[in-house]
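Enquirer: Starting from these lines, generate the structure:
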Amino acid sequence: QVQLVESEGGLVQAGGSLRLSCTASGRTFSNFAMGWFRQAPGEEREFVAVINWTGGTTYYADSVKGRFTISRDNAKNTVFLQMSSLKPEDTAAYYCAASGPRLGAPRSRDVYDYWGQGTQVTVSS
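Expert: Numbering: from 1, shown residues only. As a prediction, the model looks like this:
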């Protein structure tokens with residue numbers, strides 16, 4: 001089992017920045033791919049970003065590419081999502097998730113076994 005706890009989100013103005021973190025406990029964190037997903041009211045949960053176990057491979061949704069950065073610190077069992085140039089359409093509940101053990105960096109939520117509780121990010125215009 002892997003337990004995931006996200007940091008608190010928040011309210012930020014459009015154009016602002018926010019960093020989310022997600023700390024894992026339980027099984028060996030470094031063997032897992034870590035992803036961030038988000039879900040707006042009335043919408044399906046969508047992929048945002050993923051990082052493989054080494055940190056050497058990352059993928060981003062087109063909607064956040066160039067604005068968001070995913071990173072991880074395996075020594076601290078933590079994955080980060082740095083969000084910049086935030087837009088009102090980024091408003092959603094953000095979830096971190098773990099998939100593995102695996103070598104790759106999957107973008108499908110179907111292969112993620114463990115999920116955090118979610119944290120709300122609201123971007124005002």
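Enquirer: now the strands: where do they sit in the chain?
Expert: Using DSSP state E, the strands found in the chain span residues 2-6, 10-13, 18-26, 33-39, 46-51, 58-60, 68-73, 78-83, 92-99, 114-115, 119-124.
Enquirer: Nearest approach to residue 107 belongs to which of those strands?
Expert: With Cβ to Cβ as the criterion, residue 107 lies closest to strand 46-51 of these, at 4.8 Å. Every C-beta, even on glycine, is put in place using the N, C-alpha and C of the backbone.
Enquirer: Parallel or antiparallel, list what pairs with the closest one.
Expert: In the sheet, strand 46-51 lines up against strand 33-39 (antiparallel), strand 58-60 (antiparallel) (DSSP bridges).
Enquirer: buried stuff in that strand?
Expert: Buried residues in strand 46-51, counted by 16 or more other Cβ atoms under 10 Å: 47-51.
Enquirer: pLDDT (mean, whole number) over it?
Expert: What strand 46-51 shows for mean pLDDT is 98.
Enquirer: which residues touch residue 6?
Expert: 20-22, 94-96, 116-119 (Cβ atoms under 8 Å, 6 or more residues apart in numbering).
Enquirer: Got a quick PyMOL command for the buried subset of these?
Expert: Here is the PyMOL command that selects the buried residues among the contacts of residue 6 (16+ other Cβ under 10 Å):
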select buried, resi 20+21+22+94+95+96+116+118+119
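Enquirer: which among the contacts of residue 6 gets closest to residue 62?
Expert: residue 94 (17.4 Å).
Enquirer: tell me the pLDDT at the residue nearest to that closest one when sequence neighbours are not counted?
Expert: Spatial nearest neighbour of residue 94, chain neighbours left out: residue 38 (4.9 Å); criterion: Cβ to Cβ, 6 or more residues apart in numbering. As predicted, residue 38 sits at a pLDDT of 98.
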